[in-house]
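Student: Next one to model:
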Amino acid sequence: MSISGFNFSSNNGRTLENVAFIELKRRKKEVYYFSEKNECDFIIKDGARVIQAIQVCYNLNKEDKEREVNGLLQAMSKFKLKEGIIITFDQDEKLSIGGKTIQVTPIWKWLLISTQTKGI
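Tutor: Residues are numbered from 1 along each chain as shown. Below you'll find the model as predicted:
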């Protein structure tokens with residue numbers, strides 16, 4: 001017997017994105033997608049004001065780091081945010097780029113921290 005048509009690794013990023021989206025909606029956050037020259041997965045609004053930009057990727061590696069970071073930075077600049085988040089499967093680091101801070105955080109940590117605090 002052979003099972004074909006399943007490619008688990010290519011779906012990891014999409015699954016992680018879905019987990020983050022479901023959690024944001026569970027918390028009753030107003031969630032939007034941002035796309036201009038680059039894309040950012042989640043823009044969080046509070047009333048008329050954008051309060052957070054979040055990018056999600058399974059693994060922030062050399063092949064996709066520039067695309068993911070640039071999408072987040074563009075959204076942060078557009079909405080005048082000084083901090084942003086990239087949610088990954090297991091990476092944890094802080095990036096400082098052009099006076100802006102990007103926290104790269106594993107999904108498990110983001111889920112735990114954000115349930116214990118009032119913020120995102």
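
Student: In this structure, where is pLDDT below threshold?
Tutor: Applying pLDDT under 70 to the chain flags residues 1-10, 114-120.

Student: Helices of that one, start to end?
Tutor: Taking DSSP state H as the test, the helices found in the chain are 8-26, 65-78, 107-116.

Student: mind listing what the closest residue to Glu17 other than its chain neighbours touches?
Tutor: Nearest non-adjacent residue to Glu17, counting by C-beta to C-beta, 6 or more residues apart in numbering: Val56, 4.4 Å away. Where you see a C-beta, it was placed from the backbone N, CA and C, and this is true even at glycine. By C-beta atoms under 8 Å, 6 or more residues apart in numbering, Val56 lies in contact with Gly13, Leu16, Glu17, Ala20, Asp41, Phe42, Ile86, Ile87, Thr88.

Student: Identify the residue nearest Ser77 in space, chain neighbours excluded?
Tutor: Per C-beta to C-beta, 6+ apart, closest to Ser77 is Lys100, 7.9 Å.
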